[in-house]
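Whatever this is, show me its structure:
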Amino acid sequence: MPAGSEAVQQTGRSAPGSTRRNENYHAALASRTRRGVLDALARSSEPLDAQAIAGALELHVSTVRFHLDQLEEARLVRRESGGDRRRGRPRVLYAAVLEAERDEGSREQLIEVLAGALAHRDADQGRSSAINAGRDWARGLVAERSDSVDRRSGLLEVLDGLGFDPAPDGDVVQLRGCPFRDAARRHPQVVCSVHLGLVQQLLDGDGDAPPDVRLLPFVQPSLCVITLT
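Reported below is the predicted structural model:
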């Protein structure tokens, strides 16, 4: 890793594999009754509770709840809390998960797999590969950016567009958001090193020497900090 750069060590938690999720998905759709429950939710303009689904499909409510649990485990439905309360407990509603939401879940699984693969390599080699990956990522982003934008403004523009919610203060940039936070918590030495390489490359260029970049992950539970010196 370049001098002055910093990334935390691996937490030791293993990334959840995608195999079980895929098995749950296919098992959930293998049942005709479960497909009927999912279809009822997909056709509804609002979330439904188990009682409403049971009435629509002429099934026992316990049967519907069982199938809803299977669909939820496969991430095909999600549960929500209703506004009214029954006997002091919130009403549980269900809604079908849109395809875009499932795509987001697949993206997160891919990030986990890639981060996990790098995490199992030699520590220094894994960090170096992650930083280089971040630099490659930045090169593609820079190609889409106007040459008239100075490096620091361009950095903030890119970080904001990626969802990091940057807050600059002199030579310090707080990152109040992270689109890869879950993976970063499990594999900080990989994901945070990718982000370090991204920032380093975005600040490289002709003219003045780029600043020395340090990335301090999770100085608070939802806050990372970049220092530029």
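
separation between the closest residue to Ile226 other than its chain neighbours and Pro210?
The shortest distance from Ile226 to any non-neighbouring residue, by C-beta to C-beta, 6 or more residues apart in numbering, is to Val173 (4.3 Å). Every residue, glycine included, has its C-beta placed from N, CA and C. Applying C-beta to C-beta, to the nearest Å, the value for Val173 to Pro210 is 14 Å.

in the protein, which helix or strand is least confident?
Of all helical and strand segments in the chain, the minimum by mean pLDDT, DSSP states H and E falls on helix 99-119, at a mean of 57.

Show the subsequent helix or strand relative to that helix.
Moving toward the C-terminus from helix 99-119, the next helix or strand (DSSP states H and E) is helix 123-142.

by contact count, what packs against that next one?
Using 3 or more C-beta pairs under 8 Å, 6 or more residues apart in numbering; DSSP states H and E, the elements in contact with helix 123-142 are helix 99-119, helix 151-162, helix 188-203.

Flag every buried residue along the helix or strand hosting the residue nearest to Ile226.
Per DSSP H and E, Val173 falls inside strand 172-175. Using 16 or more other C-beta atoms under 10 Å as the test for burial, strand 172-175 gives 173-175.

of those, closest to Leu162?
For the buried residues of strand 172-175, the residue nearest Leu162 by C-beta to C-beta is Leu175; the value is 10.0 Å.

The closest one and Ala50, how far apart?
Here Leu175 is placed at a distance of 41 Å from Ala50 (C-beta to C-beta).

just Gln220 next, same as before
40 Å.

Excluding sequence neighbours, find me the nearest residue to Leu159.
According to C-beta to C-beta, 6+ apart, the nearest residue to Leu159 is Pro166 (4.4 Å).

roughly how far apart are that neighbour and Glu157?
Distance from Pro166 to Glu157, by C-beta to C-beta: 9 Å.

cool, Leu215 as well?
18 Å.

and those two? which has more neighbours close in?
Leu215 (23 against 16; other C-beta atoms under 10 Å).

if I've got this straight, the more buried one is in a strand?
Yes. Counting by DSSP: H, G, I helix; E, B strand; the rest coil, Leu215 falls inside a strand.

partners of it in the sheet?
Note on Leu215: beta-bridge partners by DSSP bridges are Ile226.

From Pro188, how far out is it?
Per C-beta to C-beta, Leu215 is found 10 Å from Pro188.

Ok, Leu196 next?
Counting by C-beta to C-beta, the gap from Leu196 to Pro188 is 11 Å.

Looking at these two, which has the bigger crowd around it?
Each of Leu196 and Pro188 has its neighbours counted (other C-beta under 10 Å); Leu196 has more, 25 against 22.

how much space is there between that one and Leu202?
In terms of C-beta to C-beta, Leu196 sits 11 Å off from Leu202.
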